[in-house]
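J.: Here is a sequence with its predicted model. Questions after.
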Amino acid sequence: MAETDDVDLACSVTWGTADPVAEMLKRLPARWAVALLTDGERQPVQLICLRDLRQGLRGRLEQVPGGKRVNWADLVRGVRWAAVDSDFEADWVYLRAARQFFPAIYQQIVEKNQPWFVHVDPEAQYPRYVRSTALAADSGICLGPFPDRNAAGKLIELMEDAFDLCRYYNILTQYPAGKACAYKEMGKCPAPCDGSISIEQYRRMIEMSVLALAEPGRFIEEQTRRMEQAAAELRFETAAKIKAYISQLNQIGKGALRCARPLGEFAFVTLQRGPRKGQVKVFLILPDRIEPVLCICGAGNRGEGFDAQEAVNLLLNRAGGVRAVEAHTDFIGLVARHLFSTKANGGVFIPLSELTEAAVIDAVVRLSRRAIAAAAESAAASDNSGTTDKQSP
């Protein structure tokens, strides 16, 4: 995260020990916000995110003194806040504020949403796929993100099965004097460990598997043509094997593997709810940053009322066509949590490579429908409007 990426908690209210809390609360908005509570010296006390800032702070500052709970009324003398309008924006503002005001515990916060990746270097001495939460690698390719450790492991198993790669790294490192495992006998591994193929040939197998991950659509098209040709030549057994192979590869890009792409391609546009009905906030997501780009106003539930092509041009121009060399797990972890979220009222994400006028219009329509459903759900649970989403330890 860039050193200059400080959050602007521009709105603030302060009060003295003799000032009535009830009067201070009237100066706060009854809306969703990330807020920093400060003491009499204006030093940070706690960072919180509240759906209703006024009601949420009333629950803290008007509590009866005594007992084991912190007496916030005696401790807090000010609040700074930034309004937010979606779970995604709230997490983005909160993350940046936590880094700025609570650097000592910041790492504890980001570790809660640590994404998983898969590293592979076809040119390594003994190449293999490895899962990790780290981005840093001296060489090779970083793939992901994945929602959890198991999903990263699933991709590795898929590549091993689809490309007949070595399953036992400890034996592979004994090349060429290793003792082949049962996968060689089953015809599911060419056994580089015992020298049946050279380690250089094995590196090219790894390289082919990486190319399939980088461009799964094109790779599947090639295999489909092979299958059709085999069937036309009445080589039905070969065609059946290729069909099973294609079925394996079709898992790439779906479910928990839908973001299994080289990290340099981690680029999205997300549309999130705005402050008012018919307003949509649009964010650009790149490996090193999240950037609010525009607010679409007057967008109806059919996607009318704005120039979608103008929005696309602005976003592509802002992206600049150049990916950052340095990526940040903090941002990627935040985005990954929302990419893999099952919340019905979440935002809409569009890969930057698929950003078109039609995609933006479709996203606006989907977001509008989700907002209507979320409003109905919120009305049914209005008695919980002061619930705290998160707070600093």
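T.: Yes, it's here.

J.: what stretches of the stretch 201-350 of the chain score poorly on pLDDT?
T.: In the predicted model of the stretch 201-350 of the chain, residues 298-304, 321-327 satisfy pLDDT under 70.

J.: where does the closest residue to residue 359 other than its chain neighbours land in three-state SS?
T.: Nearest residue to residue 359, sequence neighbours excluded (C-beta to C-beta, 6 or more residues apart in numbering): residue 350, at 5.1 Å. Just so you know, the C-beta spots here come from the backbone N, C-alpha and C atoms, and that holds for glycine as well. Secondary structure for residue 350, judged by DSSP: H, G, I helix; E, B strand; the rest coil, is strand.

J.: who touches residue 350 in this structure?
T.: Under the criterion of C-beta atoms under 8 Å, 6 or more residues apart in numbering, the contact list for residue 350 reads 268, 269, 270, 271, 359, 360, 363.

J.: bridging residues for it?
T.: When bridges are called by DSSP bridges, residue 350 pairs up with residue 269.

J.: which SSE is the residue most central in space within the chain in?
T.: Per C-alpha atoms, centre = their mean, the C-alpha nearest to the average position across the chain is that of residue 336, at 1.5 Å. Secondary structure from DSSP states H and E places residue 336 in helix 329-339.

J.: If you count contacts, what does that helix end up packed against?
T.: Taking 3 or more C-beta pairs under 8 Å, 6 or more residues apart in numbering; DSSP states H and E as contact, the helices and strands that helix 329-339 lies on are helix 87-101, helix 106-111, strand 141-146, strand 268-273, strand 289-296.

J.: Just confirm residue 163 contacts residue 209, I think it does.
T.: Yes. With contact defined as C-beta atoms under 8 Å, residue 163 reaches residue 209; the gap is 4.3 Å.

J.: Between those two, which has more neighbouring residues?
T.: Neighbours were counted for residue 163 and for residue 209 using other C-beta atoms under 10 Å; residue 209 has more, 22 against 17.

J.: ok, the more buried one - contacts?
T.: Residue 209 makes contacts with 120, 159, 162, 163, 165, as judged by C-beta under 8 Å, 6+ apart.

J.: Tabulate the residues you listed in JSON lines, adding columns for distance to residue 54 and secondary structure.
T.: Shown next, in JSON lines, are the contacts of residue 209 (distance: C-beta to C-beta, whole Å; DSSP: H, G, I helix; E, B strand; the rest coil):
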{"residue": "120", "distance to residue 54": "51", "secondary structure": "strand"}
{"residue": "159", "distance to residue 54": "53", "secondary structure": "helix"}
{"residue": "162", "distance to residue 54": "56", "secondary structure": "helix"}
{"residue": "163", "distance to residue 54": "58", "secondary structure": "helix"}
{"residue": "165", "distance to residue 54": "58", "secondary structure": "coil"}
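
J.: Just the buried ones among those, please.
T.: Among the contacts of residue 209, those classed as buried by 16 or more other C-beta atoms under 10 Å are 120, 159, 162, 163, 165.

J.: Please report the distance of the fourth one from residue 223.
T.: This points to residue 163. Here the criterion is C-beta to C-beta, to the nearest Å. By it, residue 163 lies 12 Å from residue 223.

J.: do the last one as well
T.: The span separating residue 165 from residue 223 equals 17 Å under the rule C-beta to C-beta.

J.: same check, this time on residue 363
T.: Distance of residue 363 to residue 223, computed by C-beta to C-beta: 32 Å.

J.: same deal with residue 41?
T.: 66 Å.

J.: If we ignore the residues flanking it in sequence, what's nearest residue 133?
T.: Using C-beta to C-beta, 6+ apart and skipping the chain neighbours, the partner closest in space to residue 133 is residue 114 (4.9 Å).

J.: number of nearby residues for the one you found?
T.: Neighbour tally, residue 114, other C-beta under 10 Å: 17.

J.: Distance-wise, check residue 265 relative to residue 328.
T.: From residue 265 over to residue 328 (counting by C-beta to C-beta), the distance is 16 Å.

J.: Likewise for residue 352?
T.: 17 Å.

J.: for residue 317, same thing?
T.: Residue 317 is 23 Å from residue 328, where distance means C-beta to C-beta.

J.: Equivalent analysis for residue 141, please.
T.: Between residue 141 and residue 328 the distance, using C-beta to C-beta, works out to 18 Å.

J.: Just the CA coordinates for the helix or strand where residue 45 lies, please, in CSV.
T.: Per DSSP H and E: residue 45 is located in strand 44-50. Presented in CSV, the C-alpha positions along strand 44-50 are these (Å, rounded to 0.1, in the frame of the first residue of the first chain):
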residue,chain,number,x,y,z
PRO,A,44,-6.7,7.8,18.2
VAL,A,45,-8.7,5.7,20.6
GLN,A,46,-10.6,3.3,18.4
LEU,A,47,-11.5,2.8,14.7
ILE,A,48,-15.1,1.6,14.1
CYS,A,49,-17.4,1.1,11.2
LEU,A,50,-21.1,1.8,11.9
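
J.: What is the burial count for the residue nearest to residue 250 when sequence neighbours are not counted?
T.: Leaving out its chain neighbours, the residue that sits closest to residue 250 by C-beta to C-beta, 6+ apart is residue 220, at 6.7 Å. As a burial measure, the neighbour count of residue 220 was computed by other C-beta under 10 Å and equals 18.

J.: So for the closest residue to residue 24 other than its chain neighbours, what's the pLDDT?
T.: Counting by C-beta to C-beta, 6+ apart, residue 24 lies nearest to residue 15, which is 4.6 Å off, once chain neighbours are set aside. In the predicted model, residue 15 carries a pLDDT score of 90.
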